[in-house]
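In: predicted model and sequence follow; I will ask about them next.
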Amino acid sequence: MTYTKIRLSLFFCYHILMPSVFNLFSTIKTQSTQSKGVKQSAISITGSLIASGFAAISLMLLSRALQPTSFGQFSTAFALTLILVRLNDLGLSVATSKLIPNATNESRSALSSYILRYRLALSGLILVLGIIISQFLPNFLLQDNSSLILISFIVCFATAFFEHFQFILQADHRFKLAAVLNASQGLLKLLFSLPAVILILQGTLSPATLITPIFLIYMLSPVIPVILLWLIKPGFLPVNLKLPTTLDKTQQKRLKQQLFSLIKHAALGIVAAGIIENVDILFVQGFLDDYQAGLLGGVTRIALLFYIVGYSLGNVLNPRVAKYKQYSDLVTFWKKAWLILAGCVLGFVLLMFAVEPLIFFTIGQEYLQAANSLRVLLGAGFITIALMPFIAFFYSFEQSWYFSLSGVLQLLIVILGNIWLVPIMGIEGSAWVRLASRGVLLILTIFLVRHQLGKMKTAQREQII
C-alpha cells in the first residue's frame, strides 16, 4: 500500500506538476524578449521552482515514509534551523541587494568581504549559543529527540552560506549561475532522501532510527554545490576575506557606516521574518504534539512553493528597483506591481478547487484532515508573492525604518496570535495567524508606498513651478 502511495506521488509530480511548471517556463521565455527584468525574473524563478520542485518531491516522499509523528520531529528541527539561518543573516542579505548593485568594483569587493566576515563570525556565535541552549531547550521542545536541537544549530551554516552566495550572485546580476546552484542543491536533497525512503519502505530501519541522519544530510545539501563550484572554478564565487589594497581607511570606514546604517534596521526585519515563517510549527509541537506538528509541517511544505516563488521574485526585483530614482520609473513599476497582485488573486481562487487532490497525491491521505489549514496557508503564500513588488520600493526609498516596522508588527501578530489561537483552534489557528500577518503587512506596505509616491509627485510639481 505504501509503495502505491509513493508511485502516486511520483506520478503526480512527473505527469501533472512538472509539465505545468515547464509550460509556465516556456510561456515566460516567449514573452520575456522585450524586457531584461522579465528575463532575469524568469531565470531566478525558474531556478527556484526547479529547486523547490526537487525539494518538494523529497519532502513528499519523506512525509509519506516517516508518517505525521516522525515527520513532525523533522519539521520542528527544520523550522528551528531556518530561524537560526535568519540570525546568521541579520540584515546582511538586504545590504547585499541594496548596496552592491550600485557600488564601484572596488567598493563591491570590499562590501562582499565585510559581509562574508560577518557571516563567519555569526556562524561561530550561533554554534556557541547552540551548545548552551541545547542543554535546557529539550525541556520545552523535541523532548523525544533532543539531539536534533544541537544539530540544528550546527547545520544552519550550510543554508546560510548558500543563501549568501545566492544574494551575491544576484546582486552582480549573475542570475543564471545563481539559478544553477539553486537547482543543484534541490536535486541533491532529492537524491540524498531516496535511500532513506527505500530503507523505511523495505522495513530495514524504522523512521525513528533514520530521523537524525535524514535531517543532517538534508540540511547539509545546500552548501555542497557551493563548495564544489568554489573548488572547481574558484573565480566564479567571490570568496575573498581580504580587502582591496586600493581602498584607504577613510573609504573603508565609509563603507562600514553604510553597511551598519542599513543592517541596523534590516536585521530586525530579517530575524522577525524567520521567526514569523517558522515559529508556528514550534508552537504546535510545544502546545500539542509531534503528530499535529507533522500535519502542519506537511501542508506547510506544499504552501512553501508559493513562498519560494515570492522570495525569488523579490531577490530579482530588489536590486533592480534599488536603481530606480526617477518618479516616472517608480510609477511604471507601481502599475506592474498591481498586475502581479491581480494575478495572485486569480491563482488563489483557481487553486482552492484542488486542495484535497493536492494533498492526496503529494504528502498522502494521512494529512487530509489538514486541508482547511492548507487553504489558509495558500492564501498567505499568494499574499507573499503579491507583497514582494511593493516591498521592493523600499530598496529605492531611503526609508530603512520600514524593515524594522514591518518586522516588529508581524512578529507581534505571530507570537501573540499563536499563543492565543493554537491552544484553541490547533493547527488551523496557526494558519490563520500567518494569513493575518501577511495581510496586514500587504495593506500597510501599499499605503506607505502610495504615500511616498505622492510626496515625490508633489516635489516634482514644485520643481517644475
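Out: Everything's here; your move. Just so we're clear, the structure is a prediction, and the values are computed from it rather than from any experiment.

In: in stretch 437-451, what counts as buried?
Out: Taking 16 or more other Cβ atoms under 10 Å as the neighbour-count basis, stretch 437-451 is seen to contain the buried residues 437-438, 441-442, 444-446, 448-449. Just so you know, the C-beta spots here come from the backbone N, C-alpha and C atoms, and that holds for glycine as well.

In: how about that stretch as PDB, C-alpha atoms only?
Out: Taking only C-alpha atoms (Å, rounded to 0.1, in the frame of the first residue of the first chain), the coordinates of stretch 437-451 have been written out as PDB:
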ATOM      1  CA  SER A 437       0.300  38.800   9.500                       C
ATOM      2  CA  ARG A 438       0.800  38.700   5.700                       C
ATOM      3  CA  GLY A 439      -2.500  40.600   5.000                       C
ATOM      4  CA  VAL A 440      -1.800  43.300   7.500                       C
ATOM      5  CA  LEU A 441       1.700  43.800   6.000                       C
ATOM      6  CA  LEU A 442       0.400  44.000   2.500                       C
ATOM      7  CA  ILE A 443      -2.100  46.700   3.400                       C
ATOM      8  CA  LEU A 444       0.500  48.700   5.300                       C
ATOM      9  CA  THR A 445       3.100  48.400   2.600                       C
ATOM     10  CA  ILE A 446       0.700  49.500  -0.200                       C
ATOM     11  CA  PHE A 447      -0.300  52.500   2.000                       C
ATOM     12  CA  LEU A 448       3.300  53.600   2.700                       C
ATOM     13  CA  VAL A 449       4.400  53.200  -0.900                       C
ATOM     14  CA  ARG A 450       1.400  55.200  -2.200                       C
ATOM     15  CA  HIS A 451       2.100  57.900   0.400                       C
END
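
In: what's the average pLDDT for it?
Out: Stretch 437-451 shows an average pLDDT of 90 in the prediction.

In: looking at the chain, which helix is longest?
Out: Across the chain, the longest stretch assigned as helix under DSSP state H is helix 36-89.

In: any chance of TSV for the buried residues of stretch 437-451, columns secondary structure and distance to Gln185?
Out: Formatted as TSV, these follow (DSSP: H, G, I helix; E, B strand; the rest coil; distance: Cβ to Cβ, whole Å):
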residue	secondary structure	distance to Gln185
Ser437	helix	28
Arg438	helix	26
Leu441	helix	28
Leu442	helix	30
Leu444	helix	34
Thr445	helix	30
Ile446	helix	34
Leu448	helix	35
Val449	helix	33
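
In: these two touch, right, Leu305 and Ala55?
Out: No: if you go by Cβ atoms under 8 Å, Leu305 and Ala55 don't touch, sitting 9.1 Å apart.

In: neighbour-wise, which of these two wins?
Out: Neighbours were counted for Leu305 and for Ala55 using other Cβ atoms under 10 Å; Ala55 has more, 24 against 19.

In: could you find the closest non-adjacent residue to Phe74?
Out: Take Phe74 and drop its neighbours on the chain: the residue closest to it by Cβ to Cβ, 6 or more residues apart in numbering is Phe215, 5.7 Å away.

In: that neighbour against Thr76, yeah?
Out: No: under the contact definition of Cβ under 8 Å, Phe215 does not touch Thr76, with a separation of 10.0 Å.

In: and for the two, which residues touch both?
Out: When contacts are counted by Cβ atoms under 8 Å, 6 or more residues apart in numbering, the set common to Phe215 and Thr76 consists of Leu148.

In: any idea how far Leu59 is from Gly186?
Out: Look at Leu59 and Gly186: by Cβ to Cβ, to the nearest Å, they are 11 Å apart.

In: with Leu194 instead?
Out: Taking Cβ to Cβ as the criterion, Leu194 is separated from Gly186 by 14 Å.

In: neighbour count winner among those two?
Out: Here Leu194 and Gly186 are compared on neighbour count by other Cβ under 10 Å; more neighbours surround Gly186, at 26 against 13.

In: could you tell me how far whichever strand or helix holds that one lies from the centre of the chain?
Out: In this assignment (DSSP states H and E), Gly186 forms part of helix 175-201. How far helix 175-201 lies from its chain's middle: 17 Å, per Cα atoms, centre = their mean, to the nearest Å.

In: so which bits of that helix are buried?
Out: Within helix 175-201, the residues scored as buried using 16+ other Cβ under 10 Å are 175, 177-190, 192-193, 196-197, 199-200.

In: what score does the residue nearest to Lys242 when sequence neighbours are not counted have for pLDDT?
Out: In space, and not counting its chain neighbours, Lys242 is closest to Ser113: 6.5 Å by Cβ to Cβ, 6+ apart. With respect to pLDDT, Ser113 has a value of 81.
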